[in-house]
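1. have a look at this fold, sequence not included:
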């Protein structure tokens, strides 16, 4: 036994040294911070289950984020409370949502800054109603389903306000779009504010008609990508890289629509042909459209008017207590500096 002691001691020393080295390497890897994968900084981007967010999946799956030095993790968030919680707790670095959401959240001390537009609704959002409802004014006293805090509520409030009505003049029912669509089909509600595919499905299966859609109200429902303040302040170059990658995905879709639709469609539980059909009600916002929509600091584009209108609507609804200045939630820098 005594002859083996030096050997055992040496082995133990080697093992101890190896263990220390392993711990040091692990510590070094950990010290690079949360959100590092394969040397790339990981950003968590929240998004809803809406077909217009397809370019985010396309940018990830085609490797455009990684080409830009970014590793993107896409996190599906379905409701207002879930979005707010994730943004407030810092569980996401960016969020895909419409302009009115960012105004609403800023009015509730949860500020994020819009850096780009992803898609604009061109008929994919609307109000489906039964045959007795011919105009927006006919909604008075009727039961109307919509989801609070999402584009459905903003769209409905905007149209009611435009016609001299408010939510007090209808019987509102808070429902997610799928539930609202099903409720309309089963005749539990007189009208529902929905987005596709439920808007089309409810109209056809519920024997109703589309009373109004976003096609008649351009610029109003535009989905954007907003970033939390920490990311914006600490890593503006990464924000620019993400914006460039999403714009690259949109350009790729324009050049290769069949391939791109086949990649994006499964994330929305439809096939490529159905996805292409739904996209007829949506316009993806390429760089040219973004530049027209955002404008510049010296010459602000339509998005600033939409934010201003959203502030007035949310203020009137008493869900915010102070007006939100458009320039406090919108930056033109990243579109101005985006790659051609």
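-> Structure received. Bear in mind that the values here come from a model prediction, so they are computed numbers and not experimental data.
2. residue 149 looks like it's in a strand, true?
-> No: residue assignment for residue 149, taken from DSSP: H, G, I helix; E, B strand; the rest coil, gives coil, which places it outside any strand.
3. isn't it right up against residue 104?
-> Yes: with the criterion set as Cβ atoms under 8 Å, residue 149 and residue 104 qualify as a contacting pair; they are 6.7 Å apart. Backbone N, C-alpha and C define where each C-beta goes, glycine included.
4. more neighbours, those two?
-> When residue 149 and residue 104 are compared on other Cβ atoms under 10 Å, the one with more neighbours turns out to be residue 104, at 27 against 21.
5. using the three-state scheme, assign the more buried one.
-> For residue 104, the assignment made with three-state DSSP gives helix.
6. cool, residue 59 as well?
-> Three-state call for residue 59 (three-state DSSP): helix.
7. please renumber the chain so that the first residue is 892 from this point on.
-> OK, 892 is where the count begins now, so the last one is residue 950.
8. show me what contacts the closest residue to it other than its chain neighbours?
-> In this structure, residue 950 finds its nearest non-sequential neighbour in residue 1140, 3.8 Å apart by Cβ to Cβ, 6 or more residues apart in numbering. For residue 1140, the residues meeting the contact criterion (Cβ atoms under 8 Å, 6 or more residues apart in numbering) are 946-947, 949-950, 953, 955, 1151.
9. can you rerun that using 7 Å?
-> With contact set as Cβ atoms under 7 Å, 6 or more residues apart in numbering, residue 1140 has these partners: 946, 949-950, 953, 955.
10. do the same with residue 1032
-> If you count contacts by Cβ under 7 Å, 6+ apart, residue 1032 has them with residue 1061.
11. for it, give its distance to residue 1060.
-> 7 Å (Cβ to Cβ, to the nearest Å).
12. and residue 1146, by the same measure?
-> If you go by Cβ to Cβ, the gap between residue 1146 and residue 1060 works out to 48 Å.
13. who's more crowded, those two?
-> A direct count of neighbours by other Cβ under 10 Å for residue 1146 and residue 1060 places residue 1060 higher, at 15 against 9.
14. next one: that one from residue 1054, what distance?
-> When distances are taken as Cβ to Cβ, residue 1060 and residue 1054 turn out to be 10 Å apart.
15. same question for residue 985.
-> Using Cβ to Cβ, we find residue 985 at a distance of 35 Å from residue 1054.
16. how is the chain divided into domains?
-> In terms of domains, the chain is parsed into 929-1013+1111-1227, 1016-1107 (source: automatic domain parsing).
17. can I get those domains in CSV with mean pLDDT?
-> What follows is the domains of the chain, written out as CSV (pLDDT from 0 to 100):
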stretch, mean pLDDT
domain 929-1013+1111-1227, 95
domain 1016-1107, 94
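18. please name the bridge partners of the residue nearest in space to the middle of the chain.
-> Centroid-nearest residue in the chain, with Cα atoms, centre = their mean: residue 987, separated by 2.0 Å. When bridges are called by DSSP bridges, residue 987 pairs up with residue 1116.
19. test my guess that it contacts residue 938.
-> Yes: under the contact definition of Cβ atoms under 7 Å, residue 987 touches residue 938, with a separation of 4.1 Å.
20. overlap in contacts of those two?
-> With contacts defined as Cβ under 7 Å, 6+ apart, the residues shared by residue 987 and residue 938 are 944, 947.
21. and the strands in the stretch 892-1041 of the chain?
-> Secondary structure of the stretch 892-1041 of the chain (DSSP state E, counting those that start in this stretch): strands at 927-928, 931-938, 961-967, 985-989, 1003-1012, 1016-1020, 1034-1037.
22. by contact count, what packs against the helix or strand where residue 1071 lies?
-> For residue 1071, the host element (DSSP states H and E) is helix 1068-1076. Other elements packing on helix 1068-1076 under the criterion 3 or more Cβ pairs under 7 Å, 6 or more residues apart in numbering; DSSP states H and E are strand 1034-1037, strand 1082-1086, helix 1089-1096.
23. of all the ones you listed, which one comes closest to residue 1229?
-> strand 1082-1086 (27.2 Å; Cβ to Cβ).
24. list the contacts of that closest one.
-> 941, 1015-1021, 1024, 1030, 1033, 1035-1037, 1043, 1046-1047, 1068, 1071-1072, 1074-1075, 1093, 1102.
25. repeat for stretch 945-963
-> By Cβ under 7 Å, 6+ apart, the residues outside stretch 945-963 that reach it are 928, 931-934, 936, 938, 965, 987, 1009, 1129, 1132-1133, 1135-1137, 1139-1141, 1143-1144, 1151, 1154-1155, 1158, 1175.
26. now those: which count as buried?
-> Buried members of these, scored by 16 or more other Cβ atoms under 10 Å, are 932-934, 936, 938, 965, 987, 1009, 1129, 1132-1133, 1135-1137, 1139-1141, 1143-1144, 1151, 1154-1155, 1158, 1175.
27. surely residue 965 meets residue 938?
-> Yes: in this structure, residue 965 sits in contact with residue 938. The criterion is Cβ under 7 Å, and the distance is 6.0 Å.
28. can you pull the contacts of the closest residue in space to residue 1009 that isn't next to it in sequence?
-> The spatial neighbour of residue 1009 that comes closest, neighbours along the chain excluded (Cβ to Cβ, 6+ apart), is residue 1114 at 4.9 Å. Contacts of residue 1114 were listed using Cβ under 7 Å, 6+ apart, and they are 943-944, 987-989, 1009-1010.
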